[in-house]
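> Fold the following for me, if possible:
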Amino acid sequence: MQFAILGSVTVRFANGDVLANMRPRQRSTLCILLLNSGRRVSKEYLADALWGTDLPKDPGGALRSNLYGLRKATPIKDRLQTSRDGYLLALHEGDVLDLHRFQSLAQQARDAQLSGDVDGAARLFQRGLDTWGDPPLADIPATPIMQPVFSELLEHRHAVQESLVDARLALGRHHELLPLLMSLTTAQPLRERRWEQLILALYRCGRRAEALDTFTRARQLLAEDYGIDPGGPLQHLQRLILAGDPQQSLALPVPPQRVQADAAREPRQQTHEIPRPPAGVPRQLPAEPRHFIGREAELRVLTDAANEMSPVGSSPVVSVVCGPPGIGKTALALHFAHEIADRFPDGQLYIDLGAFGPAVRPVSIQQAIRSVLAPLISLPEPETMTPAAYANLYRTTLAQRRILILIDNAYDSAQVQPLIPAAPQCMVVITSRRKLTGLVTSHGAHLTTLDVPSRAEAEALLASRLAAGDLDSTALAEVTEACARLPLALVIAATRAVARPMVPLRHLAEELRSEQNRLNVLCGGRASGDIRAAFSWSYQRLTSAEARMFRVLGAHRIRDITAADAGQLANVPTVAATQALTGLARAHLIREYAPKRYHSDDLVSTYAAEKAREEGDRPPDSTTP
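Numbers count the residues shown, from 1 in each chain. Got it, this is the predicted structure:
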């Protein structure tokens, strides 16, 4: 059976007959399931993908009715698996999906390019493009979740079109390409690669003046829309044309993969091909943590996600590392990023959004994009660019690059969205104190929540930072537990111990026994090394209701509580208490370990009690629950 989604959704039987009785909503549902074939789609994701913000009153019932009709209208009953979590469409052996065929042909074409078979590559690229229908992707719903999917699929199509033109130019078919390229630059005026191809084709046809005039038009358009100059390759091509080439053998720049493959093979006969000027390769990752210990399970999850990267036809891989203050999110992300850095030949970008820190305001999108793109391209003046223009420039710059992007200290999904490129060969790793579940919905992000390390790992982390020599195992264990096994607290304690080499470790353990003094002991002398400051940055982000509930729990020294009991303590309805506790759990200041049951860790509870004393939240004389 053949399924098509690259045009209108169609189902074709083995005898050639086409199924014709699907309703529009059924076609859209089948399209979403086919796009995710082999992967389970949650009911929430499917409802959001189909209806967006215009959800029916009973999304679950509407989904069941929709899937029932789809099963009756199409022969997918034995391919569609249903569970409590969602739906999975598993194609049978022999089934053909046009998207998979397109991806396969595009990869075969690139392999042919790398081996030097330009004619074979051109034929394969064309066969891949022939799988697309008109209008393209007609049955993808126009919802916020599906819009990025639509854009990414079209981007892959554009990339294959550009590769086909490259191949045909290399075969000397510049005369026949001119009408197509003129049409494409009109339809897609901001794709500089189209302008490069048109200018080269004009030059090879002996129309040098028109080629230079076309460059001028492209430059004016980019300046008017974005306030930027053409990119390096386009300017390089103009300079070569101005210099003149009697053999008219100018070629488009060669992709980095092709250059590497050619270098690995036997030298070929020299040609006049002029390669793309090498761009700067950013290496922006901060230094890897020297004393990184444990987190093997979390590293396996991140590595498995990285292994899902596919160069064609999929979204960029997005992984989110979240957890409470001081849990070691950045250390894990940096350790992992350095481990896989060699998979990304075009470099690594690092963006600290500063959502939780001493800065008065988090980093803006404009600031973030300017900081990482500065080594790659010439940037316009800040006042000439809107946030949307910056996001477009960012995506355009990364479109053909294989780059690892580490986004540190994010606040929410909306802050991160503009920094996720539409480039499947990239990987994005994000750290946040909040659960960025919006990215799970919109980008299929992998969510890794960090808990405190095991007792053995925590003791090993503390010992690795202490001076060499015999360590008092009892004192080591006491300090570890007094620090609640929180990595930041352990690092601060170790720093304090190393700074006083003549003072035994047991003395530090004695200092930490006093809850009243514990936060003062775990003060590193600077904001980034102060446990109280680390907690305060999360506290400052709470709503007034969440902050009051946090102080109430601290005032009563409650470590474990239900939503109903919390409501009684705070003198608010259970519903309001649940909302406040949910917000605290989302900020990882407490944990919901069972339905409507919450737990607060020791150091956080100590900080909450301190805030209650400071702001006058006193426990009553009556016995607390």
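
> show me what contacts residue 451?
Going by C-beta atoms under 8 Å, 6 or more residues apart in numbering, residue 451 touches 323, 327. Just so you know, the C-beta spots here come from the backbone N, C-alpha and C atoms, and that holds for glycine as well.

> tell me the secondary structure for it?
On the three-state scheme (DSSP: H, G, I helix; E, B strand; the rest coil), residue 451 is labelled coil.

> any chance you could map the strands in the stretch 501-625 of the chain?
Under the criterion DSSP state E, counting those that start in this stretch, strands of the stretch 501-625 of the chain are mapped to 560-562, 591-594, 597-599.

> In JSON lines, list those strands along with mean neighbour count, mean pLDDT and distance to residue 316.
Formatted as JSON lines, the strands of the stretch 501-625 of the chain follow (neighbours: other C-beta atoms under 10 Å; pLDDT from 0 to 100; distance: least, C-beta to C-beta, whole Å):
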{"stretch": "strand 560-562", "mean neighbour count": "18", "mean pLDDT": "88", "distance to residue 316": "40"}
{"stretch": "strand 591-594", "mean neighbour count": "13", "mean pLDDT": "83", "distance to residue 316": "30"}
{"stretch": "strand 597-599", "mean neighbour count": "19", "mean pLDDT": "87", "distance to residue 316": "35"}
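
> So for residue 212, which of those strands sits nearest?
strand 591-594 (65.1 Å; C-beta to C-beta).

> which other helices and strands contact the closest one?
When contacts are defined as 3 or more C-beta pairs under 8 Å, 6 or more residues apart in numbering; DSSP states H and E, strand 591-594 packs onto helix 574-586, strand 597-599.

> Residues in contact with the first one: which ones?
Translated: helix 574-586. For helix 574-586, contacts defined as C-beta under 8 Å, 6+ apart pick out 434-435, 542-543, 545-546, 548-550, 563-564, 566-567, 570, 572, 590-592, 596, 598.

> Which members of those residues occur in helices, if any?
Among the contacts of helix 574-586, the ones falling in helices (DSSP state H) are 545, 546, 548, 549, 550, 563, 564, 566, 567, 570.

> Residue 552 versus the nearest residue to the third one once chain neighbours are set aside, what's the distance?
When you say that, I think you mean residue 548. Take residue 548 and drop its neighbours on the chain: the residue closest to it by C-beta to C-beta, 6 or more residues apart in numbering is residue 570, 6.7 Å away. Distance, residue 570 to residue 552, using C-beta to C-beta, to the nearest Å: 5 Å.

> same deal with residue 397?
To residue 552, residue 397 is 49 Å away according to C-beta to C-beta.

> higher neighbour count, those two?
Counted by other C-beta atoms under 10 Å, residue 397 and residue 552 do not tie: residue 552 has more neighbours, with 22 against 19.

> pretty sure the more buried one contacts residue 611?
No: with contact defined as C-beta atoms under 8 Å, residue 552 does not reach residue 611; the gap is 10.4 Å.

> before we move on, back to that, among the strands of the stretch 501-625 of the chain, which comes closest to residue 375?
Residue 375 sits nearest to strand 591-594 of all those, at 40.7 Å, using C-beta to C-beta.
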